[in-house]
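Q: Could you work out the structure for the sequence below:
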Amino acid sequence: MFNKNKFFKGRLIVYLSAVLFVFVTGSTFKGEDDIYDKINKNLDILGKVYREITLNYVDEIDPDRFVAAGIEGMLSTLDPYTSYLDERSRDQIDLITLGKYGGIGVTVGLRDSVVTITEVMNGYEAQRKGLRRGDKILQIDGKEISGLKIDDIRKFVRGPVGSVIKLKIDREGNELDIDMTREEIILKNVSYSGYLGEKADGIGYIKLDRFTNNSEQEFTNSLKMLQANGQLNGLVIDLRGNGGGLLDAAIGILNKLVEKNSLLVITKGRKADSEKKYFSTEEPLLNKNTPLAVLIDSNTASASEIVAGALQDLDRAVIIGGNSFGKGLVQQFKDLDADSQLRITLSRYFTPSGRWIQEKNYFKENKSGVFLNKDAFTQMEFKTLDGRKVLALGGIMPDVKLDLAAESDIHQSLINNDMFFKFANYYLLSNQVDKSFRVDDNVYNEFLNFLSTSGYIYNSVADRKITDLKNIGTQKSFSSRYNELLQNLENEVQAEETGELNAAKDEIKRSIEIEINKRRITESEQIEVTFPSDLVLQEAIKVLRDRSLYDSLLRPY
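A: Sure, this is the predicted structure:
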């Protein structure tokens, strides 16, 4: 049955989306009247197509889902950060902006196609009711969840604060029914702060994981705590893996680190008069003579890059690690109606030196042809405040670049097949583990034995190529000599793969330690035990301890 309310709601969303679509993409129109003529004409066509399909298509169409698909189709021609969010995405919006949502304090994932609890947060309902990493979820509120997408399952777990959720759990073959009440889950922005090594060295460390409304306050509290508990002779800010968040949060944190009235970031939108410059408005909380190091990697993005880029351009910090992600675009949320919002890219941001650090230029590529303004950002080289050369595009490039060995194929295969997760389950069934668990050779050899009995098969690139060659030989009826040569090659590959496993030994041991420690110690302790083997962090400590080295890295060359 056709629902008129849904139909008119759909038309409203089509109308609003089309207006925003034209607003975002621009046009060749010569005047405002021409713009609105085009809007009206295209809205009329869209409305007729929507009505015709919804009413007369051979099979019944869901009007809401159909219009949502149309909106997503339009937005797919833009950058990937512009997106349509309906009422089902409310918790996602709260997570991005506020760093909180209604839930029970678990993270879920698929393990062998079974929904499994992969993280249990400290201090929340799930932990209080005894849920554990590795528990399998069979039902939610009496409904079977097998076959659902993981994003849909997360939406089942989350919900209004105070509402009850009923889980049926499989724990090592035993089924448990557990009732829980959803509560407000607040994600920490600062997952670790403290002194590194000997407190007398005075090297502080703050790991910042995201930028929400609470980030500035948490960062400020952490910095003040370090200053109150010791002589802060240097500070490491770890932004690795930090995908960003709110622009205001980045600006708030920069205010604590740089001199008052310093230019922090520039944003520029579609119109010539849209440029906005943000300056620091406070005296810094960190003494200007205290050396500062910022750690970045390929997952450092958005607001994290605003912080790293400003500190680099102002010669306030040494940036250490690998190139950052390269996201130079700023989004805002726009209400469409009571239940839906548009997350829309409204501006580019530029570091104080004028750099646009965007890695992938969606506007220049213009594959869908919707962008009429093909501005080219050709200037690549810029200067910091003291005259050091820095480059635009391609993310933030560190002052000390550490080319860490790339993750081995076999290690990635073990992760993809959940072998570390499975081994932790197996190992903890028969072994008592103290805090700060370390993997010795005995544990490593037990892991190898576990692999051999678990059915795990490492299907390398070479293995896949040999399989292809075997198939070709079968199809072409090649001689037995061909098959013999392939068998010899396969034997050689297996021998090399044994060597590959041994070469990845340290990498594998670290992952075993991390997985088992996740079940035994707090998040802060998990971070702490990685310090000795963290080569990027150790480099930062070396730089901060050697003032002459630190100053030389910030000197023009």
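Q: Assign a three-state SS to the nearest residue to Gly194 once chain neighbours are set aside, would you?
A: Of all residues not flanking Gly194 in the chain, Tyr205 sits nearest, at 6.2 Å (C-beta to C-beta, 6 or more residues apart in numbering). Backbone N, C-alpha and C define where each C-beta goes, glycine included. Here Tyr205 is recorded as strand under DSSP: H, G, I helix; E, B strand; the rest coil.
Q: check contacts around Gly204.
A: Listed by C-beta atoms under 8 Å, 6 or more residues apart in numbering, the contact set of Gly204 reads 193-196, 223, 226, 230, 232, 234-236.
Q: run the last query once more with 10 Å
A: Counting by C-beta atoms under 10 Å, 6 or more residues apart in numbering, Gly204 touches 193-196, 222-223, 225-227, 229-237, 286, 290, 292, 544.
Q: Please identify the helix or strand for the nearest residue to it once chain neighbours are set aside.
A: Spatial nearest neighbour of Gly204, chain neighbours left out: Leu226 (4.2 Å); criterion: C-beta to C-beta, 6+ apart. For Leu226, the host element (DSSP states H and E) is helix 215-229.
Q: what's that helix packed up against?
A: Under the contact criterion of 3 or more C-beta pairs under 10 Å, 6 or more residues apart in numbering; DSSP states H and E, helix 215-229 touches strand 190-195, strand 203-208, strand 234-238, helix 247-255.
Q: now those as JSON lines including distance to Leu43?
A: Formatted as JSON lines, the helices and strands packed on helix 215-229 follow (distance: least, C-beta to C-beta, whole Å):
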{"stretch": "strand 190-195", "distance to Leu43": "47"}
{"stretch": "strand 203-208", "distance to Leu43": "44"}
{"stretch": "strand 234-238", "distance to Leu43": "48"}
{"stretch": "helix 247-255", "distance to Leu43": "32"}
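Q: Export the longest strand seen in the chain to PDB, keeping only CA atoms.
A: Ranked by residue count and defined by DSSP state E, the top strand of the chain is strand 341-350. Listed next in PDB are the C-alpha coordinates belonging to strand 341-350 (Å, rounded to 0.1, in the frame of the first residue of the first chain):
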ATOM      1  CA  GLN A 341      21.100  15.600   8.500                       C
ATOM      2  CA  LEU A 342      23.700  16.300   5.800                       C
ATOM      3  CA  ARG A 343      27.300  16.100   6.600                       C
ATOM      4  CA  ILE A 344      28.700  18.500   3.900                       C
ATOM      5  CA  THR A 345      32.200  19.600   2.900                       C
ATOM      6  CA  LEU A 346      32.000  23.400   3.100                       C
ATOM      7  CA  SER A 347      35.600  24.400   3.000                       C
ATOM      8  CA  ARG A 348      39.300  23.500   2.500                       C
ATOM      9  CA  TYR A 349      41.700  24.200   5.300                       C
ATOM     10  CA  PHE A 350      45.300  25.500   5.000                       C
END
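Q: And that strand, what's buried?
A: Within strand 341-350, the residues scored as buried using 16 or more other C-beta atoms under 10 Å are 341-350.
Q: picking that back up, please report how far the residue nearest to Gly194 lies from Lys188.
A: Noted for Tyr205: a distance of 15 Å to Lys188, by C-beta to C-beta, to the nearest Å.
Q: Would you agree Glu218 is in contact with Thr212?
A: Yes: using C-beta atoms under 10 Å, Glu218 makes contact with Thr212 at a distance of 9.1 Å.
Q: Overlap of the contact sets of these two?
A: Shared contacts of Glu218 and Thr212, counting by C-beta under 10 Å, 6+ apart, come down to 99, 188-189, 249.
Q: Tell me which residues touch Arg520, please.
A: Arg520 makes contact with 424, 428, 433-437, 526, according to C-beta under 10 Å, 6+ apart.
Q: Run a quick neighbour tally on the nearest residue to Phe447 once chain neighbours are set aside.
A: In space, and not counting its chain neighbours, Phe447 is closest to Phe423: 5.5 Å by C-beta to C-beta, 6+ apart. Phe423: 22 surrounding residues under other C-beta atoms under 10 Å.
Q: what helix or strand does Phe423 sit in?
A: helix 419-430.
Q: Report all helices and strands that that helix contacts.
A: strand 106-111, strand 114-120, helix 409-416, helix 441-454, helix 505-517.
Q: lowest average confidence, helix or strand, in the protein?
A: helix 4-25 (a mean of 47; mean pLDDT, DSSP states H and E).
Q: What's the first helix or strand after that helix?
A: Next along the chain after helix 4-25, with elements defined by DSSP H and E, is helix 32-56.
Q: Relative to the whole chain's centre, how far out is that next one?
A: 37 Å (C-alpha atoms, centre = their mean, to the nearest Å).
Q: now swap in stretch 156-167 and tell me
A: For stretch 156-167 - counting by C-alpha atoms, centre = their mean - the centre lies 25 Å from the chain centre.
Q: Any buried residues in that stretch, and which?
A: For stretch 156-167, by 16+ other C-beta under 10 Å, it's 156-159, 165, 167.
Q: Among these, which lie within helices?
A: Within these, residues falling in helices by DSSP state H are 156-157.
Q: and of the buried residues of stretch 156-167, the nearest to Gly394?
A: Arg158 (36.3 Å; C-beta to C-beta).
Q: so that closest one makes contact with Ile165?
A: Yes: between Arg158 and Ile165 there is a contact under C-beta under 10 Å: 9.2 Å.
Q: Can you work out which residues contact both of these two?
A: In contact with both Arg158 and Ile165: 103-104, 182, using C-beta under 10 Å, 6+ apart.
Q: List buried residues within the contacts of Arg520.
A: Among the contacts of Arg520, those buried by neighbour count (16+ other C-beta under 10 Å) are 424, 428, 437, 526.
Q: Spatially, which two of these are the most separated?
A: Top of the distance list for the buried ones among the contacts of Arg520 (C-beta to C-beta): Leu428 and Gln526, 15.5 Å.
Q: Check the protein and tell me which residue is nearest its centre.
A: For the chain, the residue nearest the mean C-alpha position is Gly243 (4.7 Å; C-alpha atoms, centre = their mean).
Q: now the residue lying closest to it once chain neighbours are set aside: how far from Asn323?
A: Leaving aside its sequence neighbours, Gly243 sits nearest to Ala301 (C-beta to C-beta, 6+ apart; 4.9 Å). Going from Ala301 to Asn323 by C-beta to C-beta gives 11 Å.
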